[in-house]
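Asks: Need the 3D shape of this:
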Amino acid sequence: SRSPPDAESPDPNIISIYHSGETPDGRQFYVMDYVDGVPLDRYVRDRQLGLEPTLSLLIDVCEGIQYAHQRGMIHRDLKPGNILVEEQASDSGASRIGAASVAPPPSVSGAPVPRILDFGLAKLVDAPTDRMVSISQEVVGTLPFMSPEQATGRQDEVDTRTDVYALGVMVYCLLTGEYPYPVVGSLLEVVHNITDTAPMPPIKKWHASPNGLRRKMSKQCPFDEDVQTIVLKALAKEPDRRYQSAGDLAKDLRRYLQGEAIEARSDSGWYVFRKTVRRYRFGLGVAAAFMLLIAGSAVGLLFMYREQGVLLTEVKTQKERAVESKRVAEVAGEKEKIARGIADERAMEAQRQAYLASIGAADAALRAGDVLAASRRLELSAEPLRGWEWRHLMTLVDRSTATLAGANAAANDVAFTSEESLVAAA
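Replies: Numbering: from 1, shown residues only. This next block holds a predicted model:
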């Protein structure tokens, strides 16, 4: 372990070490403050603290860390278990061995005082990466409370803002009773969540968790969006987007408690969009390719449908033309049929008139005794029109049989003279 940043002028929230040495059998020892307290998270939970006293404790913790940072020390292992809260008043300090007498940390009787301890993994702010206080170059700290740069072993990027991130995790846990993201699983999975998984908004997490601040006493979340904004700013994945010091975080928490406007602002929509694209770049790339494929297909189908529409329009036009031509042909056919009917009627009427003329002429010829002329007239008459009048006149024209007048008795035999001018009957 390492000593706090300044044992000669201690901060009331940092454990003081008054002496260190080695026992005769070679074991190292330290003489430090005795703290009769409990871990920060347990203290808040057991006493069912409300929002204001909880944030007040966190402000004290932030100011203690700011004190360490100003003296060139980065804690690198901040967590509730390394912060003890004591209420017991202390009027006299512990015995000091080999160190200047120092007044004990002030404490108001009964008032909770958070004390930060365990600087064993601390790092000097200006020390190169090969001179870390922890001696080892390995990833050090408690994984669920590590910042992205610390969890991935980028020791050259670890600075005071790394402790700010750990403070943000602590505030999140105290308010919601849960970590900002899953911290159970393989080391690779947890590190991935620390570096890439955005924290669930604390208000939403509080409602989803049974362990949130005063969760069992009320169904209404005890903190608002301003507190949520402060927490999420401390938990920014990029150090430049976090509070630049623990003191800045303490100031914003104090502004909130005093009803003043906080300096933290929610991330813009454009920033959230860029972060989402970066986090899901592979999936979004596949989705973008798929969308381009769909867009290309849609454009191709659009052109195809337009071409098909032109063809359908042309087919429709041709069909309409065919229907119109058929209608015109039907009208012409009807007209032709009517004309043909009229012509047939006229022809029939002319034929009937000619027939009547032939009958009249044959009758007149018979009356004149010109049988031969009457016969020719009857033969020239139209056959379909020959009726009873034609047959009557034909019987009058036919001379193949005759009735001889003057014979009173029946004739059994008839003979003509050689000249065929006389007939003899017996």
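
Asks: how about the strands in the chain?
Replies: With DSSP state E as the criterion, the chain has strands at 17-22, 28-32, 37-39, 73-74, 83-86, 113-116, 123-124, 414-416, 423-425.

Asks: tell me which residues in stretch 344-362 are buried?
Replies: 355, 358-359, 361-362 (16 or more other CB atoms under 10 Å). For glycine as for every other residue, the C-beta is placed from the backbone atoms N, C-alpha and C.

Asks: Give the burial count for Leu117, as a bare number.
Replies: Leu117 is flanked by 19 other residues according to other CB atoms under 10 Å.

Asks: Give me the phi and psi angles of it.
Replies: phi -130, psi -180 (degrees, to the nearest 10).

Asks: distance of it from Gly247?
Replies: For Leu117, the distance to Gly247 equals 20 Å [CB to CB, to the nearest Å].

Asks: what about stretch 65-83, how long is it end to end?
Replies: Counting by CA to CA, to the nearest Å, you get 11 Å between the two ends of stretch 65-83.

Asks: most neighbours per residue, which of the strands of the chain?
Replies: Greatest average neighbour count among the strands of the chain goes to strand 73-74 (a mean of 24), per mean count of other CB atoms under 10 Å.

Asks: ok, longest helix in this structure?
Replies: In the chain, taking DSSP state H as the definition, the longest helix is helix 281-367.

Asks: Output the below-cut-off pLDDT ranges for the stretch 101-250 of the chain.
Replies: Across the stretch 101-250 of the chain, residues meeting the criterion (pLDDT under 70) sit at 101-109, 128-140.

Asks: can you count the residues close to Thr313?
Replies: Thr313 has 10 nearby residues by other CB under 10 Å.

Asks: Actually, Thr317.
Replies: 10.

Asks: Would you mind measuring from it to Tyr179?
Replies: 72 Å.

Asks: Equivalent analysis for Asp36, please.
Replies: From Asp36 to Tyr179 the distance is 29 Å (CB to CB).

Asks: Can you pick out the residue with more neighbours from the two?
Replies: A direct count of neighbours by other CB under 10 Å for Asp36 and Tyr179 places Tyr179 higher, at 19 against 9.

Asks: so what's the more buried one closest to, chain neighbours aside?
Replies: In space, and not counting its chain neighbours, Tyr179 is closest to Pro144: 5.5 Å by CB to CB, 6 or more residues apart in numbering.

Asks: Hmm, Asn82 is touching Asp118, no?
Replies: Yes. Between Asn82 and Asp118 there is a contact under CB atoms under 8 Å: 4.5 Å.

Asks: higher neighbour count, the two?
Replies: A count of neighbours by other CB under 10 Å puts Asn82 above the other of Asn82 and Asp118, at 22 against 17.

Asks: quick one: that one from Ile230, how far?
Replies: Relative to Ile230, and taking CB to CB, Asn82 is found at 22 Å.

Asks: again with Lys316
Replies: Lys316 is 69 Å from Ile230, by CB to CB.

Asks: again with Gly296
Replies: On the measure of CB to CB, Gly296 and Ile230 end up 47 Å apart.

Asks: More neighbours: which of the two?
Replies: Ile230 (24 against 10).

Asks: and that one, what is it in contact with?
Replies: Neighbour list for Ile230: 171, 249, 252-253, 256, 262, 264 [criterion: CB atoms under 8 Å, 6 or more residues apart in numbering].

Asks: Among these, which pair sits farthest apart?
Replies: Across those, the longest distance by CB to CB is 13.5 Å; it joins Val171 and Ile262.

Asks: how much space is there between the residue sitting nearest the centre point of the chain and Ile294?
Replies: In the chain, the C-alpha nearest the mean C-alpha coordinate belongs to Ala287, at 11.0 Å (CA atoms, centre = their mean). According to CB to CB, Ala287 and Ile294 sit 10 Å apart.

Asks: that older thread, compare Val171 and Ile262 (neighbour count), which wins?
Replies: Between Val171 and Ile262, Val171 has the larger neighbour count (other CB under 10 Å), namely 25 against 16.

Asks: related to what we said a few turns ago, for the longest helix of the chain, the averaged confidence score.
Replies: Across helix 281-367, the average pLDDT comes to 87.

Asks: which strands and helices sit next to that helix?
Replies: Other helices and strands packing on helix 281-367, by 3 or more CB pairs under 8 Å, 6 or more residues apart in numbering; DSSP states H and E, are helix 371-380, helix 388-397.

Asks: and with 10 Å instead?
Replies: The contact analysis (3 or more CB pairs under 10 Å, 6 or more residues apart in numbering; DSSP states H and E) places helix 281-367 against helix 269-279, helix 371-380, helix 388-397.

Asks: Lowest mean pLDDT across these, which one is that?
Replies: helix 269-279 (a mean of 54).

Asks: surely Thr195 meets Tyr165?
Replies: No. Counting by CB atoms under 10 Å, Thr195 stays clear of Tyr165, with 11.5 Å between them.

Asks: Need the overlap of contacts for those two.
Replies: Common contact partners of Thr195 and Tyr165 (CB atoms under 10 Å, 6 or more residues apart in numbering): 146-149, 151, 237.
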